[in-house]
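>>> return atomic coordinates for the entry below.
(2 chains)
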Amino acid sequence: MTLISFFEKNSIPLTFVIFRRCDALQIVMKKIYIIVALFIGIIGNAQNTDQTISGYIRDNSNGETLIGANVYVDEIASGTTSNEYGFYSVNLPAGNYTLRFSYIGFETKVEKLQLNGDVKLDIEIGIESNELQEVVISSEAKNASVSNNEMSVNRLDIRTIQKMPTLLGEVEVLRSIQLLPGVSSVGEGASGFNVRGGSIDQNLVLLDEAPVYNSSHLFGFFSVFNPDAVKDVKLFKGGIPSRYGGRLSSILDVRMKEGNNKQIALNGGIGAIFSRFSIESPIIKDKSSFIIAGRRSYADILAQPFLNDDLAGSALNFYDLTMKTNWTLAEKDRLFLSGYLGRDNFGFGDQAGFNWGNATATLRWNHVYNDGLFGNVTAYFSDYDYQINFGDEAENRFDWDATIKNYSVKPEFTWFLNPRNQVRFGGQAIVYVFEPGNAVGVSEGEETDLTLPEKYAIESAVYIENEQTVSDKLSINYGLRLSHFNFAGKGTAYTFDKSAPHGFRRPVTSATTFDQWESIETYLNLEPRLSIRYQLNDRQSIKMSYNRMSQYIHLISNTAASTPVDIWTPSTNNIRPQIADQVAVGYFQNFKDNQYELSVETYYKKLDHLVDYIDGADLLLNPFLEGDLLEGDGRAYGLELMFKKNEGRFSGWVSYTLARSERQVEGINNGEWYPSRFDQTHNLSITAFYDLNKRWSFSSNYALISGTPTTFPTTRVVQRGYVIPYNVNESRNNVRIPLYHRLDISATLQGKKNDSRRWQGEWVFSIYNVYSRRNAFSIFTRQADNAVTEAVRLSVIGNFIPSISYNFKF
Amino acid sequence: MNRLLLFISFITIVLISSCEDVIDIDIEEASGDLVIDAWIDNRNQAQEIRLTLSQAYFDNQSVSANGAIVIIINETQQEIFIFDETNTDGIYRWSPDNRPNIGIEGDVLNINIDFNNISYTAASTINRVPVIDSIGQEFRDDELFSDDGIYAQFFARDFVGTGDAYWIKTYKNGDFFANADQLNIAYDAGFDAGSRIDGLIFIPPIREFVNDLDEGGLPFPWEVGEEIMVEIHSISIPAFNFLEIARDQILNGSNGIFTLPLANARSNICKSDGGVGLGFFNVAQVSSLTDVIVER
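This next block holds a predicted model:
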């Protein structure tokens, strides 16, 4: 059977059933299949007569597949790693082989076999019994940092994340990654994160492959990821492989647990903010399982008895529900369905309400073809929306909501061609529907509809990459991604007067209407990707990477921290796609039998067509938004150091970043380069774990970060008694707020071990900001009541914050 | 936009133990430029223009600019109005003479100021202003953001056709609500150009923004017997933009973690040396209504 007929028989019906309503998608999908088929044709000519050993690597305690587990073949002194679905494949000539399956924190399993035909070998490995309580901060092959082709990539095992000290005892994926080099945030409470000088919308945050548009609960204090449902977190800051695209600065790939397929397991916790509960269980043992994990904050439930009449019915909560199920249909087919639903809810009596949330659903189908070809087709839906309403009477009210929805299908293939070449290819099509604002204002019964028209766009891409082991020392991952964006009707496209001076609102010069799916503007970008590893010996390597990224959707946000009402907008005839080129060079060394890891990386990133704003821009409910936008360029460069101790009773890492992130925009700062709002010269963090004994373990982290820049006025201009701040130089980000530093500690007490009892509990005691440092989020100027001007430091966390939480497993 | 940020940051303040401390900082400062405060109207009463010199941001004083020549020319009527310096407080005044006012709706006026061998010019058109139909008073029960008592609102209808801008000023017993968080401006009947609320009765937040605010920025009720006066001043779109940025910047600190970048309120004044002027020139037409608060 040819591969093309595979597509026709299997993936097209599957995906098209889901997306039948989108005619435009079909056209794009056809294009993708033609190109993918071409790739396959080219590669498919490379015949080989080798036999294949392939299968899944799993944790024997719960049946979870292991991502990035190592497979080593003694006889050829080489091997491979398992992919995102725990699948591995090795092509070898007939003969006798010894295979070692390893994963840090797990016992190595050795299999000897005689190969004279294709072999399917599923492996289950177990946690090393004597290391049960020890922290393991890397879950890859022992010398992966040196031997792996990847650079500028950080993986955090959920077990590591769970050990870190946290704010209010809540285990936090997004706060944890901020302890890695190159990752920062504008401050406490700010949503999102900044990677290597990029803005928060330049990160593609994926939860089981579906993008999450707002990854925060309660603005930026907590993330939407329920730690009980997360299996693996991987952050790509550079050297981004061609299978990922759509954002400039990083990919955060969060994979959910599949659910225990051996026995029912319950997990839960009671913390200061959330209570969590999850259940996972086999549906058919070893064939299918599910996990459902939920969290809800309960400040409002506790407060309810104290709320008076006006406040009765007030809402103040956030919750999320994460679900996944998987089915092994046949030996070669697996199906995964996962979803996320979360919402933040604020209501003040019946006078004002505000809520926002994400929803995602992902359907994936894995199929193992012969010859070590692994295929996966993902179809997902993702939605972010918010709703605001003011006024409790029908005659006078204001109701407003906005949404970004997208539907995507993504066929991907991994071809384990031979132990020296692993080829990945595939494509993706995304249909976007933007509802930038549906708003109705009613004044004394008269209604004004302020709704902005929907916007539509289709983003599509095809890619191919090969991870090639050229020699024992040299390996190269090279790839190409071809991305295309079609900003389409129906709708009205405006043109603006480009001769208006920079920094001022540009008036509309013409308007053209377009029919549904009629192209308004298209963009095509070729994105080369390359990473090279040269291994000096088994302890040292040098790596280099280059990637070009393009980004077609943009978050419209002009405040220090992004707000939940910030809207996403597509590239249009007026907004060009953002483009980034990044080069990085790194040195990697392991010491003392891989107990210690050192990495040094330096990068330079050039960013084009960044979105900025005129002074006084109207960003919301403005049909002529594009007239208030400016286009600029950016550059970011830096040095990142990381020193890590992976194993033992005392473990942890030190991360240091020296960096610069700058912008240049005509109309801001007199057109000169200026530091971005999240520019941090120095960023040091130290994370340490210590296991005292089987019951007590401790952890701490310390952060020392240069102040971010802000703009101060030079002058006061008095008008009608108002003292207006004014900057005569028209400069931007001309001063720095003070140094940030903070220490957090935490202690965990495990319940007494009793093998006859399945219930296991632990108490976590933590203190955030131990020495009550009032770190400045910002320094602003204000006019006090007597018209006296003063400078004020805003500290989001003004004190130390202690917390206790209890977690249990059954 | 700003109001929404305030609303959002209010939530964060409620939930998180944030704190604010007044601190000393060193900043680059600039001072000594002429600031023109020329917000006048076409009523039959004395009109005042105030000239000061700009001060370093943290210099909490005001320095008058004396010895300037200030004239306004009504281009439409071809008339000249001379504003005389009567004192050393920087106030330049014109009082009605044989002419009752400096112009009527639709007139184009130019200001011309000579100071220290530099001339400063700007133009303004007298725009239309809607009448205030009534001031409503109602007793409201204790609500989440306000105590029980008598609250007022004014009713006026914006003209059909976009691009009208207004500054709504409220006085309690003759005292102007002068705090920046009481600065009430409207673009048509709504908040800003983007909201496209045209030809309606001014929408509730604007028409209810005539109640006094407490320290926390929340409205508090009127006392029986107090006098409320509401004025609508017509302003130009650049004047609206100036006041909007000025207000957003003065109040920016209240936005907490959602502060906007510093932006300059843009003057409409041109300098003969090519520099950017400071301050603003606007000639308004005014409608007004006064009421006395009665028992409800």
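>>> just give the nearest non-adjacent residue to the residue of chain A most remote from its centre, would you?
Note on chain A: the largest C-alpha distance from the chain mean falls to residue A:720, namely 49.0 Å (CA atoms, centre = their mean). If you skip the residues right next to it in sequence, residue A:720 has residue B:39 as its closest partner in space, 5.8 Å away by CB to CB, 6 or more residues apart in numbering or on different chains. (Glycine included, C-beta is placed from N, CA and C.)
>>> A helix includes the one you found, no?
No: counting by DSSP: H, G, I helix; E, B strand; the rest coil, one finds residue B:39 to be strand, located in no helix.
>>> that one bridge partners, please.
residue B:282 (DSSP bridges).
>>> okay, it: pLDDT?
For residue B:39, the pLDDT comes out at 97.
>>> how about residue B:4?
Per-residue pLDDT puts residue B:4 at 55.
>>> equivalent analysis for residue A:48, please.
52.
>>> surely the residue nearest to residue A:720 meets residue B:279?
No: when contacts are counted by CB atoms under 8 Å, residue B:39 is not listed as touching residue B:279 (9.2 Å).
>>> now the common contact residues for the two.
residue A:719 (CB atoms under 8 Å, 6 or more residues apart in numbering or on different chains).
>>> in chain A, which spans are helices?
Using DSSP state H, the helices assigned to chain A run over residues A:3-6, A:12-18, A:23-44, A:144-147, A:158-163, A:173-177, A:299-303.
>>> need the contact partners of the fourth one.
Put plainly, it is helix A:144-147. A:68, A:70, A:138, A:141, A:533, A:535, A:538-541, A:588-590, A:597, A:599.
>>> between those residues, which is nearest chain B?
residue A:599 (32.5 Å; CB to the nearest CB).
>>> got a pLDDT number for that closest one?
94.
>>> list the contacts for it?
A:145, A:586, A:587, A:588, A:589, A:640, A:641, A:642 are the contacts of residue A:599 under CB under 8 Å, 6+ apart.
>>> how about those residues, which pair is most distant?
Using CB to CB, the contacts of residue A:599 span at most 14.6 Å, a distance reached by A:589 and A:640.
>>> higher neighbour count, the two?
Set residue A:589 next to residue A:640 and count neighbours by other CB atoms under 10 Å in any protein chain shown: residue A:640 wins out with 25 against 18.
>>> so what's that one closest to, chain neighbours aside?
Nearest to residue A:640 is residue A:181, by CB to CB, 6+ apart, at 3.6 Å.
>>> now do residue A:356
residue A:386 is the one closest to residue A:356 (CB to CB, 6+ apart), at 3.6 Å.
>>> re earlier: could you pick out the one among the contacts of helix A:144-147 with the lowest pLDDT?
Among the contacts of helix A:144-147, residue A:138 has the weakest pLDDT, 48.
>>> for the stretch 51-200 of chain B, what spans make up the strands?
Remark: strands assigned in the stretch 51-200 of chain B by DSSP state E, counting those that start in this stretch are B:55-56, B:63-64, B:69-74, B:79-85, B:91-94, B:108-115, B:118-125, B:132-140, B:149-156, B:165-172, B:175-176, B:184-187.
>>> err, the stretch 351-500 of chain A, not the other one
Using DSSP E, counting those that start in this stretch, strands in the stretch 351-500 of chain A cover A:352-369, A:373-393, A:396-418, A:421-443, A:446-449, A:455-469, A:474-488, A:491-496.
>>> in the third one, what's buried?
Under the neighbour-count criterion of 16 or more other CB atoms under 10 Å in any protein chain shown, strand A:396-418 has A:396-398, A:400-418 buried.
>>> go on, the last one?
In terms of neighbour count (16+ other CB under 10 Å), strand A:491-496 has its buried residues at A:491, A:493, A:494, A:496.
>>> got CSV for these, with pLDDT and distance to residue A:89 too?
Shown next, in CSV, are the buried residues of strand A:491-496 (pLDDT from 0 to 100; distance: CB to CB, whole Å):
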residue, pLDDT, distance to residue A:89
A:491, 90, 47
A:493, 94, 48
A:494, 94, 53
A:496, 94, 54
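>>> format those as CSV; extra columns: distance to chain B.
Below are those laid out as CSV (distance: CB to the nearest CB, whole Å):
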residue, distance to chain B
A:491, 17
A:493, 18
A:494, 14
A:496, 14
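>>> of these, closest to residue A:522?
Nearest member of the buried residues of strand A:491-496 to residue A:522, counting by CB to CB, is residue A:493, at 12.6 Å.
>>> so who does the closest residue to residue A:461 other than its chain neighbours touch?
Leaving aside its sequence neighbours, residue A:461 sits nearest to residue A:483 (CB to CB, 6+ apart; 4.2 Å). Neighbouring residues of residue A:483 by CB under 8 Å, 6+ apart: A:245, A:246, A:459, A:460, A:461, A:524, A:525, A:527, A:550, A:552.
>>> would you mind writing the CA trace of stretch A:618-627 as PDB?
Taking C-alpha atoms only, stretch A:618-627 is exported to PDB below (Å, rounded to 0.1, in the frame of the first residue of the first chain):
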ATOM      1  CA  ASP A 618      -7.500  52.800  21.700                       C
ATOM      2  CA  LEU A 619      -6.900  49.000  21.700                       C
ATOM      3  CA  LEU A 620     -10.300  47.700  22.500                       C
ATOM      4  CA  LEU A 621     -13.500  47.800  20.500                       C
ATOM      5  CA  ASN A 622     -11.800  50.000  18.000                       C
ATOM      6  CA  PRO A 623     -12.600  49.100  14.300                       C
ATOM      7  CA  PHE A 624      -9.600  51.100  13.200                       C
ATOM      8  CA  LEU A 625      -7.200  49.600  15.600                       C
ATOM      9  CA  GLU A 626      -4.500  49.200  12.900                       C
ATOM     10  CA  GLY A 627      -4.300  53.000  12.600                       C
END
